[in-house]
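Just to be clear, the model below is a prediction. Sequence and coordinates:
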Amino acid sequence: LELARGNQRAVVTEVGGGLRSYTVSEQPILDGFAPDEMARGGRGQVLAPWPNRLAGGRYRFGEEEHQVPLDEPGRGNANHGLVRWSAWTTLEHEADRVVVAHRQHARPGYPFVLDLAVEYRLADDGLRVSATATNRGTGPLPFGLGFHPYLTVGTGTVDEAILHLPAATRLETDERAIPTGTRPAVAGTPFDFRRPRLVGDLRLDTVFGDLDEDHDGRHRVVLASPDASSSVTVWMDRSFAYVMVFTGDTLAPARRRRGLAVEPMTCAPDAFNNHLGLGVLAPGATAHSTWGIQPGSLSR
């Protein structure tokens, strides 16, 4: 599904309702994927009804224990929800916007009915993404949402890029990438990007919290080239309490550290168990979230 506005172009996919590419004046803003490729590494995908990892694929909701399939078998986790390989439906499609939707029917491990709709819109200030989630079932359901764009500012690797991430804490994780319950401050550690600095050789697969809020109520993460000639900002509304940053060290060699994943998340990894940011939607209730990507200059 192709979008165009001025010198901006974007492509949204039917598979997973994700974002395959976004360019300005033919310059990539995202490290996306080709039409004949799968969206490996979560590239551009919608992450629902939970983002990131669910330990053992197990959780308890109400009086019931649930088990979903493990799609990260090496670590024994279920990863990034249930909808990213499903076919989504196109509800609306105009030159510069598209709305895609998916109904997650009740299934073993997630016996709930959840409607998802995502609007991608090219605006004067960049790409805006709005998501709604509605409980169509007869009882409450657990819910979390995330998105998985990989940013690029034209550097060969992310090592050469400058990151500005105004977050006061991070979530410590175990060897399975599951939060331990400890939330250390970033001050005085290699994870402190509250002032812009080079990513360098730091390996990041890290969830940050306690995000600074700008005057408009948004959180912002900025990636820039060393000479500041190119930059890209991911902004997110208050519904996103966490952001995951991933340097891609575990990806295939051709993709490794080529783009920086900056992932807005409404809840923490394993939120179905630790309840950090977990949403619970009553029957008929809807959750709304908005985020976007703003290139440093739309005229370049």
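Cool, got the structure.

Quick check: closest non-adjacent residue to the residue nearest the centre of the chain.
Using Cα atoms, centre = their mean, the residue of the chain that lies closest to the mean C-alpha position is Phe147, 2.2 Å off. Sequence neighbours aside, Pro264 is the residue nearest to Phe147 in space, at 5.5 Å (criterion: Cβ to Cβ, 6 or more residues apart in numbering). Where you see a C-beta, it was placed from the backbone N, CA and C, and this is true even at glycine.

and if you look at Val68?
Nearest to Val68 is Gly109, by Cβ to Cβ, 6+ apart, at 3.4 Å.

Okay, that neighbour and Thr155: tell me how far apart.
Distance, Gly109 to Thr155, by Cβ to Cβ, to the nearest Å: 41 Å.

Quick check: closest non-adjacent residue to Asp115.
Thr134 (4.4 Å).

just checking, that neighbour touches Pro283?
No. Taking Cβ atoms under 8 Å as the definition, Thr134 is not a contact partner of Pro283, at 9.7 Å.

which of these two has more neighbours?
Ranked by neighbour count (other Cβ atoms under 10 Å), Thr134 and Pro283 place Thr134 first, with 19 against 14.

The helix or strand encompassing that one - contacts with which helices or strands?
Following DSSP states H and E, one finds Thr134 within strand 126-135. Applying 3 or more Cβ pairs under 8 Å, 6 or more residues apart in numbering; DSSP states H and E, one finds that strand 126-135 contacts strand 8-12, strand 19-24, strand 114-123, strand 141-143, strand 279-281, strand 286-295.

Sheet partners, orientation included, of the third one?
According to DSSP bridges, strand 114-123 has the following sheet partners: strand 97-104 (antiparallel), strand 126-135 (antiparallel).

Could you dump those strands into JSON lines and include distance to Ser25?
Formatted as JSON lines, these follow (distance: least, Cβ to Cβ, whole Å):
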{"stretch": "strand 97-104", "distance to Ser25": "20"}
{"stretch": "strand 126-135", "distance to Ser25": "13"}
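
can I get those strands in JSON lines with mean pLDDT and distance to Gly181?
Output for the strands paired with strand 114-123, formatted as JSON lines (pLDDT from 0 to 100; distance: least, Cβ to Cβ, whole Å):
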{"stretch": "strand 97-104", "mean pLDDT": "98", "distance to Gly181": "29"}
{"stretch": "strand 126-135", "mean pLDDT": "98", "distance to Gly181": "27"}
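
Which one, of those strands, ends up nearest to Arg75?
strand 97-104 (23.7 Å; Cβ to Cβ).

Give the burial count for Asn7, as a bare number.
14.

What of the one 10 residues further on?
Here the number of neighbours of Gly17 (other Cβ under 10 Å) works out to 29.

How about the closest residue to Pro295 other than its chain neighbours: which residues does it bridge to?
The spatial neighbour of Pro295 that comes closest, neighbours along the chain excluded (Cβ to Cβ, 6+ apart), is Val24 at 4.9 Å. In this entry, Val24 is beta-bridged to Gln8, Gln27, by DSSP bridges.
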